[in-house]
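# Generate coordinates for the sequence data below:
(one chain, ligands or ions: 1)
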Amino acid sequence: MDKKEFRKQAHELVDWMADYLENIEKLPVKSQVAPKEIFDKLPNSAPQKAEDFKSVFDDFEKIIMPGITHWQHPSFFAYFPANSSPPSILGEMLTSTLAAPCMVWQTSPAAAELEEQVMIWLRQMLSLPESWSGVIQDTASTATLASLLSAREKSSDYAINQHGFAQQKYRVYCSSETHSSIDKAVKIAGFGSDNLIKVDVDDSFAMRPGKLAQAIQEDVEKGFTPLAVIATLGTTSTTAIGPLKPIGEICQKYKIWLHVDAAFAGSALVLDEMKFMIDGIELADSFVFNPHKWMLTNFDCSAYFVKDEEALVKTFEIMPEYLKTAEKLDVNNYRDWGIPLGRRFRALKLWFVLRSYGIEGIQSMIRNHINLATDLETQIKQHPQFELLAPRSLNLLCFRFVPDTSLDIDTLNDMNLRILESLNATGKMFVTHTKLHGKYVIRMLIGQSDVTKSHVDSAWELIQKTALEIK
Ligand SMILES: Cc1ncc(COP(=O)(O)O)c(C=O)c1O
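Below you'll find the predicted structure:
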């Protein structure tokens with residue numbers, strides 16, 4: 001494709017993108033294709049000869065689009081959102097046009113310096129400690145892995161990086177409601193899944209600090225070294241919060257690294273009324289949240305903050321001759337702040353978002369989502385045949401249909417599963433589930449960028465109608 005052709009196709013593509021976003025509500029939220037349906041439509045080898053862009057794009061519309069689940073549809077209430085915005089998309093377009101792997105300062109000074117500055121902005125917006133440093137990672141999973149590796153290296157005086165494990169018997173602690181990325185990070189960091197201790201939760205599904213202290217003390221007595229605790233602000237099943245301060249005090253007492261996983265809920269810290277979530281943050285060592293979940297920024301963009309920048313850099317720093325540069329002290333070479341060498345210029349879209357919405361725009365979106373969820377919570381509570389199974393802390397509702405209290409758990413689980421499948425098959429909304437104390441629960445998270453009261457009202461009507469039909 002020459003540059004003239006690129007210009008023509010790019011203009012048409014932008015029109016397609018704007019049409020897509022304008023008309024997204026005409027599409028089924030959840031893709032309705034069967035497994036392997038897309039794969040079977042694709043040729044089983046790459047084309048020998050070049051094809052023109054039109055035929056590629058026609059196939060995109062014909063083959064690929066039916067297999068897309070529309071995360072930007074306002075009736076996407078599933079998982080956690082990946083809410084995006086027009087300024088973010090435009091930023092992504094520029095990032096992909098520049099196509100610069102931003103590994104060290106000189107590979108694009110603006111990328112390194114913009115990243116440094118937008119991370120300071122985010123740190124201020126969320127009221128994280130002023131002395132902390134921030135870096136953009138691809139995902140929270142990577143940030144949590146980076147945190148456990150830094151904890152490991154700092155604790156072993158960087159000996160494991162050099163010599164491998166000696167006799168260390170490290171233990172890592174999280175709650176039974178912690179995200180699976182922690183299990184993964186523990187495996188990758190070499191601790192062994194047996195050494196991840198899952199602490200009990202309370203009635204709000206948040207970690208019980210007393211149980212944490214007990215588990216740590218027992219391990220100390222058995223000769224283990226308690227290394228790190230992961231506290232979650234906004235658990236994946238129910239968005240349970242913390243409690244950070246008592247967990248932090250236990251970590252201080254035993255000199256344990258405290259990582260805070262606020263992947264979803266962290267964005268809510270832009271609101272003064274939600275700052276209580278980080279009461280005790282000064283006791284933590286690292287913190288991650290995803291602007292790509294709830295801050296209008298295209299996937300992927302995960303903001304990782306650390307108390308001890310030197311420990312992070314010393315964990316990852318590698319200096320082969322071909323990467324040595326003259327600039328050392330005043331600028332950041334982000335390849336030393338995480339796992340990959342080449343890094344996408346993610347700060348650009350974040351900068352576009354922060355400037356285009358301002359702190360007030362982001363606050364008002366988040367507040368609106370919480371208010372919509374609060375209204376729906378009232379309606380669910382008032383309905384005699386629905387019950388909430390977890391307290392609402394932000395914008396997630398966990399509920400199930402109970403038409404008759406004499407029905408046993410298996411019958412209710414099966415009924416609610418069928419309700420969920422039936423709702424998603426309509427294409428009008430998309431919800432996912434979790435299980436709490438063995439009970440099948442419908443999770444509805446109101447957090448898509450363009451969701452309004454009318455989307456929530458229509459969804460709630462559809463839920464009630466579907467439940468009565470299935471009963
Ligand atoms: C609490 C929590 N932590 C971590 C993650 C992992 O996020 P990522 O996809 O950015 O790795 C999730 C994903 O939903 C999550 O809910």
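# per-residue confidence for residue 330?
With respect to pLDDT, residue 330 scores 85.
# hang on, it in a helix?
No: counting by DSSP: H, G, I helix; E, B strand; the rest coil, residue 330 is not part of a helix but coil.
# Distance check, it against residue 449.
Per Cβ to Cβ, to the nearest Å, residue 330 is found 37 Å from residue 449. The way it works is simple: take the backbone N, C-alpha and C, and place the C-beta from them, glycine included.
# Between those two, point out the one with more neighbours.
Neighbours were counted for residue 330 and for residue 449 using other Cβ atoms under 10 Å; residue 449 has more, 21 against 6.
# Tell me which residues touch the residue nearest to residue 347 when sequence neighbours are not counted, please.
Nearest residue to residue 347, sequence neighbours excluded (Cβ to Cβ, 6 or more residues apart in numbering): residue 115, at 3.9 Å. Neighbouring residues of residue 115 by Cβ atoms under 8 Å, 6 or more residues apart in numbering: 102, 135-136, 332, 334, 346-347.
# Kindly provide the whole-number mean pLDDT of the helix or strand containing residue 115.
Assigned by DSSP states H and E, residue 115 belongs to helix 109-126. For helix 109-126, the mean per-residue pLDDT is 97.
# Kindly report the same for stretch 283-290.
98.
# contacting residues around that stretch?
Here stretch 283-290 has contacts from 126, 128, 132, 137, 139-140, 143-144, 146-147, 150-151, 231, 244-245, 248-249, 251-252, 257-267, 269, 281, 301-308, using Cβ under 8 Å, 6+ apart.
# Alpha carbons of it, as PDB, please.
Output of stretch 283-290 as PDB, limited to C-alpha atoms (Å, rounded to 0.1, in the frame of the first residue of the first chain):
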ATOM      1  CA  LEU A 283       2.200   1.400  54.600                       C
ATOM      2  CA  ALA A 284       2.100  -0.200  51.100                       C
ATOM      3  CA  ASP A 285       5.100  -0.800  48.800                       C
ATOM      4  CA  SER A 286       3.300  -0.900  45.400                       C
ATOM      5  CA  PHE A 287      -0.100  -0.200  43.900                       C
ATOM      6  CA  VAL A 288      -1.700  -1.000  40.500                       C
ATOM      7  CA  PHE A 289      -4.800   0.200  38.800                       C
ATOM      8  CA  ASN A 290      -6.000   0.000  35.200                       C
END
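# Quick check: residues of the protein near the ligand?
Counting by Cβ under 6 Å from any ligand atom, the chain comes close to the ligand at 80, 139-141, 179, 181, 232, 234, 236, 261, 263-264, 290, 302.
# re earlier: relative to the whole chain's centre, how far out is the helix holding residue 115?
19 Å (Cα atoms, centre = their mean, to the nearest Å).
# Return the set of buried residues in that helix.
Across helix 109-126, burial judged by 16 or more other Cβ atoms under 10 Å covers 111-112, 114-116, 118-119, 122-123, 125-126.
# Residue 51: which of these is nearest?
Nearest to residue 51 out of these is residue 111 (Cβ to Cβ; 33.4 Å).
# Quick check: the closest one touching residue 345?
Yes: with contact defined as Cβ atoms under 8 Å, residue 111 counts as touching residue 345 (4.6 Å).
# any common contacting residues for those two?
100, 102.
# Please list all residues in contact with residue 112.
Counted by Cβ under 8 Å, 6+ apart, residue 112 has contacts 102, 104-105, 331-334.
# mind running it again at 10 Å?
102-106, 327, 331-334, 343, 345, 347 (Cβ atoms under 10 Å, 6 or more residues apart in numbering).
# ditto for residue 182
Residue 182 makes contact with 140-141, 144-145, 147-148, 172-175, 196, 198, 228, 230, 232, 259, 261 under the criterion Cβ under 10 Å, 6+ apart.
# try it again with 8 Å
144, 172, 174, 196, 230, 261.
# Now do the buried residues in stretch 392-403.
392-402.
# could you point out which element follows the strand or helix carrying residue 149?
In the assignment (DSSP H and E), residue 149 maps to helix 140-155. Downstream of helix 140-155, the next assigned helix or strand under DSSP H and E is helix 159-163.
# which other helices and strands contact that following helix?
With contacts taken as 3 or more Cβ pairs under 8 Å, 6 or more residues apart in numbering; DSSP states H and E, helix 159-163 sits against helix 140-155.
# try 10 Å this time
The elements that helix 159-163 packs onto, with contact taken as 3 or more Cβ pairs under 10 Å, 6 or more residues apart in numbering; DSSP states H and E, are helix 140-155, helix 309-316.
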